[in-house]
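A.B. asks: Please work out how this folds:
(2 chains)
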There are 2 protein chains.
Amino acid sequence: MKVGNQNYRTIWVKRGNNKIIQIIDQRTLPHTFIIEALSTVQDVVRAIKDMHVRGAGLIGAAAGYGMYLATIEATAMESFDEYMAKAAKQLYNSRPTAVNLEWAINKQLSTINQQKTPKEKINAAFLGANEIADQDAIACRNIGEHGLYLIRKLEKEKKGKTINILTHCNAGWLAFVDYGSATAPIYAAFDKGIDIHVWVDETRPRNQGARLTAWELAQHGVPHTVITDNTGGHLMQQGLVDMVITGTDRTTYTGDVANKIGTYLKALAAKDNNIPFYVALPSSSFDWNIHDGIKDIPIELRDQDEVKYIAGLCDGKIKKVLLTPVESKAANYAFDVTPARLVTALITERGICAASESGIRSLFPEILKE
Amino acid sequence: MKVGNQNYRTIWVKRGNNKIIQIIDQRTLPHTFIIEALSTVQDVVRAIKDMHVRGAGLIGAAAGYGMYLATIEATAMESFDEYMAKAAKQLYNSRPTAVNLEWAINKQLSTINQQKTPKEKINAAFLGANEIADQDAIACRNIGEHGLYLIRKLEKEKKGKTINILTHCNAGWLAFVDYGSATAPIYAAFDKGIDIHVWVDETRPRNQGARLTAWELAQHGVPHTVITDNTGGHLMQQGLVDMVITGTDRTTYTGDVANKIGTYLKALAAKDNNIPFYVALPSSSFDWNIHDGIKDIPIELRDQDEVKYIAGLCDGKIKKVLLTPVESKAANYAFDVTPARLVTALITERGICAASESGIRSLFPEILKE
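C.D. replies: Reported below is the predicted structural model:
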C-alpha cells in the first residue's frame, strides 16, 4: 500500500542487493517512518523479538527471509545443516506463540533440504521466502475482493451516502505483507472510488489502532477518525456505523473468534444494533482443533506496565508516561473471544462463509471433513 | 474517605478560619496530592472552570461555598445584591452544563435573600453551604447502605469467596463530597470487612478510572486492579466479575442512563453473561422530563485532542504525549446512553428500584406522578 504516494510492502528484498532484506521498523510509527535493513538471521530474530515487525502474516514472511539469510551464512560454517537447525530454533524462539512463524520455518527447511549444493539451497530459500511473502499478499488481496462485494451491497442500500466501517486493532497491511485482512476490503473499496470512512478504535493498551491503522489509512489517503475503544457502541446506536470488520489471531473451526481484547464488546454492540460484524482472515488463522473458543483458547496475560504506562511523542521524542497511581496493580489480558453467534460472516481468501462449522466446511471441505 | 490514613472530604472549611475553603486539587491526581485554599468567589470560579474540582455533587457543594465567600466580599461593595447577582452569574458560567451548580446557586440565593443584615446573610450562606455539602454526603452514604444490601446477598451466594465488582469512570467520593455514588456500596462493604476486589476501567479518553478511582481505592486500602476499557467483557465471560456498579450523569424517569462513554458496552456484556448491572445515583441526577434517553439526551462532543494526546508522569513531571498520527482526526464523544432494559436496578439514596418509570415512581411518588 502507499506511504507518501509510493507503493510499499512491509518486507522486501533490497533492489540491487539480494542479500539485504528491508522492513519498516514499526516501533516508531506513526511518528517516524524508518526503513531498516536486515542482513543476518540475527537481525531477523531481533526484528521479530523486539517487534520491529509484528502480525501473523508479516512474522511468517520475515521468518521465511530469515531462513534464506541463514542459508547464506551456513555456507561458511562447518556443518550447513547444523547451522540451519540452530537458525530455525532461534527464529522459532523469537516469538513462540506466532503460528505462522513455525509454519514458515518448517516450509523453508523442507524446501532447503530438497536441494543438494549450498548454492542450490540458497537459491531455493530465496525463492521460497519470496513465495511465502507473495502468497500472503495474494491471500489478503483475495480477502479484499470478497469483502468488496459486501461493501458494494451496502453502497447500493445507502444510495451514495458515505459508508462507515469500524475496525479494532491493526489487522492492516502492516500486520501482513500487503493489503491486510480487515483493511483489505477497505483498501479495495477506496481504490474503486467508493465513498468510505473508517472509525479506528485506538485499541488500548498497545494502541495498534491509533498508532498503526490510523497511520496506514492516512498514508493511503483513506478518510478515517480515531476513537477511544469506549465509543463504538454510541456510534452504532446513533446510526453512524454501517459495518464492523476486524481481524483475528485465531478462529476455531466452529467460528469462535479470538482477537485483540475488546473485540467481543464491539460484536455485542453490533448485534444489539443490527449492524453486520465481519471477521476477515487468511485460512492460516483457523485453528482446526479447537471446538469451544471461550473455554479452550488460552488468553495471554501480558505485563501490567503496558496498561500503567503509555508511550507517545513529546517534544520530538518518544516518551513513556505513567497513567495510574504507582501503587495500583493492573491486569493486561491481550485477547478476548467473540462467540460465533455474534459474527455475521467470515471473509477468507476463498470467499465468505457463515461463522459455523458447516459454513467453514463449505469453503474448506478438504480440511474440515464431515 | 481516607487519604494516607486520615479522613477527608473533597471540600471543607479550614479549621480555625471560617473564611477559607479547602479542596483537593484533582488535576494532579494520582501523582501528587495537593490541598488548595479558596478564599474568594473568583478562586471558586477558577477551581470549577479549570477542573480542580469536578463531579456533580462536588460542583454543587463548591458553588454553595462560592456563594458564601461572595457574601463576605459583598459587604464591602456598594450594592450587596448586585454583587451577589454578579457572583451567581460568574459561578453559573464556570460550568453551565452542571445541573447541581445552578441548583446550589439558587438555593443559596434564596437562603441569603431571606436574611436582612449582611452579617445574617453571611451566616446563613455559611450554614447553607455546609448543609448542601452535608446533604450530598448523607445521600451518598445512604446509597452505600442500600448497595451494601446487594453486596451482602452476593456474599452469601459466593460463600466467602472474593466479590469482584467492576466500575467505569469515577463515580467516587472525588466526584461528590464524600463516599461517592458507585463507590459508596464498595466503601460500605470494605469497611464492614467484606472480601471485595474492584476492577477499575481506566476510562479513556480522560482516564478518570485510572487516575481518580484507582487513587481513591488505593488511599482507602480497597483491593483493586486497573484494566483497559476493552477488558471487562473477557473478565465477565470468564466469571471474574460478580456485579457492575456505575454512576450516571443523567438518568431519565424511564430508567435510561447517560454516563461516561463506554458504559453501554459494559452493560451489554453484563447482560450477555447474566451479571447484574447497577447504576448508583443521588436523585438529583434524575431528569424528570426526558422519556427516551437515546433519542433525547444530547451527547457532548469534546475536543479531539483529549483523544489524540494523553498526560502522565514522566521524570517526575506531568507530560502530555501524542498518541496518533498528527494528521489523523479524532472524535471525542463524552457520554453514551445505556437503555433501561440493560440496567438491573438503580441504587438511590431512598432505596433500590427497577430502572423503569414505575420502579422510579415507587421511590419518588411525589415527583413522578401517575
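A.B. asks: what's the burial count for the closest residue to residue A:176 other than its chain neighbours?
C.D. replies: Nearest non-adjacent residue to residue A:176, counting by Cβ to Cβ, 6 or more residues apart in numbering or on different chains: residue A:57, 3.3 Å away. All C-beta atoms are positioned from the backbone trio N, CA, C, and that covers glycine. Around residue A:57 there are 32 other residues, counting by other Cβ atoms under 10 Å in any protein chain shown.
A.B. asks: and what of the one 5 residues further on?
C.D. replies: Here the count is done by other Cβ under 10 Å, and residue A:62 has 34 residues near it.
A.B. asks: Could you check the pLDDT of it?
C.D. replies: Residue A:62 is assigned a pLDDT of 98 by the prediction.
A.B. asks: what does residue A:340 give?
C.D. replies: 98.
A.B. asks: ok, now residue A:369?
C.D. replies: 88.
A.B. asks: Excluding chain neighbours, what is closest to it?
C.D. replies: residue A:361 (7.9 Å).
A.B. asks: ok, now how distant is that neighbour from residue A:124?
C.D. replies: Distance of residue A:361 to residue A:124, given as Cβ to Cβ, to the nearest Å: 35 Å.
A.B. asks: go on, residue A:338?
C.D. replies: 40 Å.
A.B. asks: Have a look at the two and say which one is more surrounded.
C.D. replies: residue A:338 (29 against 18).
A.B. asks: For the helix or strand encompassing residue A:358, what does the pLDDT average out to?
C.D. replies: Residue A:358 is part of helix A:357-363, with elements assigned from DSSP states H and E. Mean per-residue pLDDT for helix A:357-363: 98.
A.B. asks: same question, stretch A:142-151
C.D. replies: Average pLDDT, stretch A:142-151: 98.
A.B. asks: With only the CA atoms kept, save it in PDB.
C.D. replies: This file holds the C-alpha atoms of stretch A:142-151, laid out as PDB (Å, rounded to 0.1, in the frame of the first residue of the first chain):
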ATOM      1  CA  ASN A 142      -8.500 -12.000  -2.300                       C
ATOM      2  CA  ILE A 143     -10.000 -11.200   1.100                       C
ATOM      3  CA  GLY A 144     -10.200  -7.700  -0.200                       C
ATOM      4  CA  GLU A 145     -12.100  -8.700  -3.300                       C
ATOM      5  CA  HIS A 146     -14.600 -10.800  -1.400                       C
ATOM      6  CA  GLY A 147     -15.100  -8.100   1.200                       C
ATOM      7  CA  LEU A 148     -15.600  -5.600  -1.500                       C
ATOM      8  CA  TYR A 149     -18.700  -7.500  -2.500                       C
ATOM      9  CA  LEU A 150     -20.200  -6.800   0.900                       C
ATOM     10  CA  ILE A 151     -19.300  -3.100   0.700                       C
END
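A.B. asks: residues in contact with the residue lying farthest from the centre of chain A?
C.D. replies: Most distant from the centre of chain A: residue A:78, at 37.9 Å, with distances by Cα atoms, centre = their mean. With contact set as Cβ atoms under 8 Å, 6 or more residues apart in numbering or on different chains, residue A:78 has no partners.
A.B. asks: Likewise for residue A:250?
C.D. replies: A:99, A:258, A:285, A:286, A:287, A:290, A:297.
A.B. asks: Endpoints of stretch A:345-354, how far apart?
C.D. replies: 5 Å (Cα to Cα, to the nearest Å).
A.B. asks: check which helix or strand covers residue A:123.
C.D. replies: helix A:118-158.
A.B. asks: An error on my part: the question was meant for residue A:165.
C.D. replies: strand A:163-167.
A.B. asks: just checking, next helix/strand downstream of that strand?
C.D. replies: Immediately after strand A:163-167, counting by DSSP H and E, sits helix A:183-191.
A.B. asks: Establish whether that next one and chain B are in contact.
C.D. replies: No: judged by Cβ under 8 Å from any Cβ of the partner chain, helix A:183-191 and chain B are separated, with a smallest distance of 14.8 Å.
A.B. asks: ok, the spatially closest residue to residue A:276 that is not a sequence neighbour - how many residues close by?
C.D. replies: Distances taken as Cβ to Cβ, 6+ apart place residue A:344 nearest to residue A:276, at 4.2 Å, with adjacent residues excluded. Counted with other Cβ under 10 Å, residues neighbouring residue A:344 total 19.
A.B. asks: List the contacts of residue A:344.
C.D. replies: Residue A:344 touches A:270, A:276, A:277, A:278, A:355, counting by Cβ under 8 Å, 6+ apart.
A.B. asks: picking up where we left off before, not counting the strand holding residue A:165 itself, show me its contacts.
C.D. replies: With contacts defined as Cβ under 8 Å, 6+ apart, strand A:163-167 is touched by A:151, A:154-155, A:182-183, A:186, A:189, A:194-201, A:209, A:213, A:232, A:235-236, A:240-246, A:266.
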